[in-house]
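In: just need the structure, nothing else, for what follows:
(chains A and B)
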Amino acid sequence: MTDAILVANHLVKTYTQRSGKFGFGTTLVKALDDVSISLTTGKTLAVVGESGSGKSTLARCLLQLQPLDSGEVLFSGQDLAKLDSATLRSVRKNLQMVFQDPFASLNPRMRVGEIVGEGLLIHGLGSSAVQQQKVIAMLKRVGLTEADMQKYPHEFSGGQRQRVGIARALVLRPKVVVCDEPVSALDVSIQAQILLLLKELQAEMALSYLFISHDLRVVRHIADDIVVMHHGKVVEHGSVEEIYQRPQHEYTRNLLAAIPGKKAVNA
Amino acid sequence: MNQASPLLQMQQVSIASKKMPSRLLVNRVSFSIDAGKTTCVVGESGSGKSLTALSVMGLLSKQLQLTSGKIVFNDGQSGAQDLTKLDEASLRKIRGAKIAMIFQEPMTSLNPVLTVGYQIGESLTTHLGIKGDKLKVKIASLLEMVGIPPSRANSYPDELSGGQRQRVMIAMSIACEPCLLIADEPTTALDVTVQAQILKLLDELKTRMNMGMLFITHDFGVVADIADYVVVMFRGEIVESGTKQQVLNHPQHPYTKALLACVPDAEGKKPLKPIDYAWLPENQRTQQVANEISEATV
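Out: Reported below is the predicted structural model:
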């Protein structure tokens, strides 16, 4: 495939869990069980499933934040698991992540300007004046102001903090962004703003998103393709229309049936 | 039960911080709850939903105070009582026994060093004096009612999943068969599939025990599934209230309309829309100024 920017083949990841009396026994939990996905350039691939289905493990393994047991992750044809740490670090600026909890994922002791600019500093992109300009431009793009650079994360609301998280990820001009439940900690009224911002930025910067969510109402509006995970396995994948109109797997049907608000639609 | 008087009546309830009594966090809120019906309070964070719920239980933080209003509770036995006038001892008799509460986070609101069976039994012993084997039987039947195997009574909260913990919270709250159940975002932290189960369970229990339910949420999907009446709160005030059909299908207030418009739908027919605050008086003024400026430049 030529148009796939990120391909994962046969990923396996197991965790050991203490079990039995006093935790003397161990059981193996398969968080990823032969998972293969492919993200098309410029598109959004949503990964849906319940908690414990392995969605977040998949995200972390794709970005090499966690070692895999087996399988390969190809980014533009390069196997990330085989790279040495220096090369991996330079590739990483193309792979960024927007985290779930905007209250926990920003360092409370760093100013927003430092948080957003840290990636530029680490990768040594441009002089400090250029970096400063990039940070300001990015903050403005996500709907914050230049003055916000001097503030600390606690001075912002949840939606604004998630904007900081997005600015932090995008200032490096990545190619792939992994969004791990970016709106599930936010009020319904704020969710739409953030989703629209993500969509606009995708069009502007030609981003490819891997969008992890358990909310099928949100996924409907942002995804092009969907992967449904259950107990570490991919049970179904297809385009948004296919999955919502003709779900094949029983688990997918259960997920769709569980969306709240069905009664109002029928009424 | 006397149909004329509702189970709970909030009458012009206001809540403010003790340091700044002039700034009302909840401003003259009035609504009522009938037995066997669910009233949903909807609003964004900071709209005063949770404070309203806590004030019913008399559980407001010490920094806050009820500045005015009455909370009239009528369980049909001891006549109408104003909960705001009761002392701590009489409130304690009502809490857990007649009015029970399910808290938002099942992960943090259970005691990690006590078994779930003990925590469910606690209120039964306190309020009804049930002890020994009788208590064990009662706990087992409660666990069964919420769909947890009775053998799990000896488990600690960390051994249960999020959905199971929330079921334990429900079992605790309905142990003494309260006539009013307050649920503060009971499914927000849960998966959709588990959420659907919990909502179904609450709805069944409500019907079976003829409970009144005060349900707090910010999710209109959930409202559509379980509400009879809906109260919409914005910045501490009720902007709209009515039956579910009225509020969801024919919203009158611009805030309700804006809130409904920004809920994503599963069909994908509705375009995604950020919440619209243009109707607020202060925004209308800036809008006017902007229009005047643009007219002036043209």
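
In: near chain B, which residues of chain A show up?
Out: A:50-52, A:158, A:187-193, A:195-196, A:199, A:214-218, A:220-221, A:240, A:244, A:254-265, A:267 (C-beta under 8 Å from any C-beta of the partner chain). For the C-beta atoms, the positions are set from N, CA and C on the backbone; glycine is no exception.

In: strands - which of these land there?
Out: Nothing among the residues of chain A next to chain B maps onto strands, per DSSP state E.

In: phi first, then psi, for the residue nearest the centre of chain A.
Out: In chain A, the centroid-proximal residue (C-alpha atoms, centre = their mean) is A:Cys179; its distance is 2.1 Å. Here is the backbone geometry of A:Cys179 (degrees, to the nearest 10): phi -110, psi 110.

In: contacts only, for it.
Out: Neighbouring residues of A:Cys179 by C-beta atoms under 8 Å, 6 or more residues apart in numbering or on different chains: A:97-98, A:198, A:209-212.

In: got those residues as CSV, with secondary structure, pLDDT and neighbour count columns?
Out: Listed next are the contacts of A:Cys179 as CSV, based on DSSP: H, G, I helix; E, B strand; the rest coil; pLDDT from 0 to 100; neighbours: other C-beta atoms under 10 Å in any protein chain shown:
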residue, secondary structure, pLDDT, neighbour count
A:Met97, strand, 92, 24
A:Val98, strand, 92, 25
A:Leu198, helix, 93, 23
A:Tyr209, strand, 95, 24
A:Leu210, strand, 95, 26
A:Phe211, strand, 95, 26
A:Ile212, strand, 93, 26
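
In: count of residues packed around B:Val137?
Out: Using other C-beta atoms under 10 Å in any protein chain shown, B:Val137 has 12 other residues around it.

In: for A:Leu201, that is, sorry about that
Out: Around A:Leu201 there are 20 residues (other C-beta under 10 Å).

In: again, but for the one 4 residues further on
Out: Burial of A:Met205 is recorded as 14 neighbouring residues (other C-beta under 10 Å).

In: how near is the residue lying closest to B:Ile174 once chain neighbours are set aside to chain A?
Out: Spatial nearest neighbour of B:Ile174, excluding adjacent residues (C-beta to C-beta, 6 or more residues apart in numbering or on different chains): B:Leu205 at 6.0 Å. Distance from B:Leu205 to chain A, counting by C-beta to the nearest C-beta, to the nearest Å: 18 Å.

In: now swap in B:Pro149 and tell me
Out: As judged by C-beta to the nearest C-beta, B:Pro149 and chain A stand 18 Å apart.

In: picking that back up, three-state assignment of the residue nearest to B:Ile174?
Out: helix (DSSP: H, G, I helix; E, B strand; the rest coil).

In: need the contact list for it.
Out: Counting by C-beta under 8 Å, 6+ apart, B:Leu205 has contacts B:145, B:170, B:174, B:181, B:211.

In: out of the residues you listed, which one sits closest to A:Pro67?
Out: Distance to A:Pro67 across those (C-beta to C-beta) is lowest for B:Ile170, with 40.3 Å.

In: neighbours of A:Val112, just the number please.
Out: 26.

In: just A:Leu125 next, same as before
Out: 16.

In: same question, B:Ile293
Out: B:Ile293: 10 neighbours (other C-beta under 10 Å).

In: up against chain A, what does chain B have?
Out: So chain B meets chain A at B:44-45, B:161-162, B:191-196, B:199, B:218-225, B:244-245, B:248-249, B:258-259, B:262-268, B:272-275 (C-beta under 8 Å from any C-beta).

In: format the contacts of A:Cys179 as a markdown table; extra columns: distance to A:Ala46.
Out: Listed next are those as a markdown table, based on distance: C-beta to C-beta, whole Å:
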| residue | distance to A:Ala46 |
| --- | --- |
| A:Met97 | 15 |
| A:Val98 | 14 |
| A:Leu198 | 12 |
| A:Tyr209 | 8 |
| A:Leu210 | 8 |
| A:Phe211 | 5 |
| A:Ile212 | 7 |
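
In: list the ones among the residues of chain B next to chain A that fall in helices.
Out: The helices, defined by DSSP state H, take in B:162, B:192-196, B:199, B:220-225, B:244-245, B:248-249, B:258-259 from the residues of chain B next to chain A.

In: please pick the buried ones from those residues.
Out: B:162, B:192-196, B:199, B:220-225, B:244, B:248, B:258-259 (16 or more other C-beta atoms under 10 Å in any protein chain shown).

In: before we move on, the earlier item: can you pick the most crowded of the contacts of B:Leu205?
Out: Counting by other C-beta under 10 Å, top hit in the contacts of B:Leu205: B:Ile170 with 26 neighbours.

In: ok, it - contacts?
Out: Contacts were defined as C-beta under 8 Å, 6+ apart; by that measure B:Ile170 touches B:102, B:146, B:186, B:198, B:201-202, B:205.

In: which non-adjacent residue is nearest A:Leu83?
Out: A:Val91 is the one closest to A:Leu83 (C-beta to C-beta, 6+ apart), at 6.5 Å.

In: would you indicate which residues of the helix or strand containing the one you found are buried?
Out: Using DSSP states H and E, A:Val91 sits within helix A:85-92. Across helix A:85-92, burial judged by 16+ other C-beta under 10 Å covers A:88, A:91-92.

In: of all those residues, which comes closest to chain B?
Out: Distance to chain B across those (C-beta to the nearest C-beta) is lowest for A:Arg92, with 30.5 Å.

In: what's the nearest residue to the closest one if we skip its chain neighbours?
Out: Closest residue in space to A:Arg92, ignoring its immediate chain neighbours: A:Leu63 at 7.4 Å, by C-beta to C-beta, 6+ apart.

In: swap in A:Pro153?
Out: A:Leu106 (4.1 Å).

In: tell me how many other residues crowd that neighbour.
Out: Other residues close to A:Leu106 by other C-beta under 10 Å number 22.

In: distance check, it against chain B.
Out: 18 Å.

In: ok, A:Gln78 touching A:Val91?
Out: Yes: with contact defined as C-beta atoms under 8 Å, A:Gln78 counts as touching A:Val91 (6.9 Å).

In: shared neighbours of these two, anything?
Out: With C-beta under 8 Å, 6+ apart, A:Gln78 and A:Val91 have no common neighbours.

In: so what's B:Ser78 up against?
Out: Applying C-beta under 8 Å, 6+ apart, no residues qualify as near B:Ser78.

In: thinking again about what came up before, of the contacts of B:Leu205, which is the nearest to chain A?
Out: B:Ile170 (17.4 Å).
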